[in-house]
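S.K.: prediction below, plus the sequence it came from.
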Amino acid sequence: MADVFRGSSLASIEDTGRFKLPGVFKDLIDAQLGEGAKFFITSLDGKRALLYPIKEWEAREAILATLPLSSPVRIKYQQLAAYYGAPAVMDKQGRIQLPAVLRSAANLKGEAIVLGMAGKLEPGFLEVMNHEMFKGDMKPFTEEDNAALAALGM
């Protein structure tokens with residue numbers, strides 16, 4: 001398996017809404033996606049920004065396209081993704097502009113936590129959240145969670 005996004009790192013979000021990707025993630029993007037990497041940034045809950053390399057996002061769109069146009073889940077997903085979403089390009093310094101609507105809803109300013117999330121397509125996607133909100137929303141791992149992973153052989 002190729003290198004995937006893993007772990008977390010802190011990043012600062014500028015007043016303009018740009019943030020610089022932490023080096024560990026930027027290096028992986030440079031190696032796998034090259035300079036000027038394209039992303040689709042969105043959210044399904046307004047609490048976190050999901051940064052999908054465009055190839056990963058297009059694969060999700062293809063799966064969604066298998067549902068009828070009238071499918072309630074397709075409509076909801078597309079509406080939320082469009083409302084919070086925007087395409088973005090990483091500049092040479094590793095900076096990415098977050099969509100204004102999403103920045104406001106998720107309180108993405110100041111210190112943010114960037115989480116690497118492995119996906120079906122490498123490298124996966126990144127999740128960006130306001131660091132203080134993330135710590136406040138974090139839930140402990142439960143016995144039910146352990147049982148679910150055990151059922152998978154983990």
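M.R.: On my side now, so go ahead.
S.K.: every contact and neighbour count from this point should use C-alpha atoms.
M.R.: Fine.
S.K.: pull out the buried positions in the lengthiest helix in the chain.
M.R.: The longest helix of the chain (DSSP state H) is helix 72-84. Neighbour counts over helix 72-84 (16 or more other Cα atoms under 10 Å) mark 74, 81, 83-84 as buried.
S.K.: what of stretch 11-26?
M.R.: 11-13, 17-22, 25-26.
S.K.: sorry, back to before: in TSV: the buried residues of helix 72-84, plus distance to residue 46 and pLDDT.
M.R.: Shown next, in TSV, are those (distance: Cα to Cα, whole Å; pLDDT from 0 to 100):
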residue	distance to residue 46	pLDDT
74	18	93
81	10	95
83	10	97
84	7	96
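S.K.: could you dump those into CSV with distance to residue 58 added?
M.R.: Below are these laid out as CSV (distance: Cα to Cα, whole Å):
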residue, distance to residue 58
74, 15
81, 13
83, 17
84, 17
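S.K.: for residue 52, state which of the residues you listed is nearest.
M.R.: residue 81 (11.6 Å; Cα to Cα).
S.K.: quick check, the closest one in contact with residue 46.
M.R.: No: the pair residue 81 and residue 46 fails to qualify as a contact (Cα atoms under 8 Å) at a distance of 9.9 Å.
S.K.: ok so, going back, please flag which of the buried residues of stretch 11-26 sit within strands.
M.R.: The members of the buried residues of stretch 11-26 that map onto strands under DSSP state E are 11-13, 18-20.
S.K.: tell me which of the residues you listed is nearest to residue 111?
M.R.: The nearest one, if we look at these relative to residue 111 and count by Cα to Cα, is residue 12, at 4.7 Å.
S.K.: any figure for the gap between the closest one and residue 55?
M.R.: 26 Å (Cα to Cα, to the nearest Å).
S.K.: now do residue 81
M.R.: Distance, residue 81 to residue 55, by Cα to Cα: 16 Å.
S.K.: sorry, back to before: can you spell out which helices and strands pack onto the longest helix of the chain?
M.R.: Applying 3 or more Cα pairs under 8 Å, 6 or more residues apart in numbering; DSSP states H and E, one finds that helix 72-84 contacts strand 38-42, helix 100-105.
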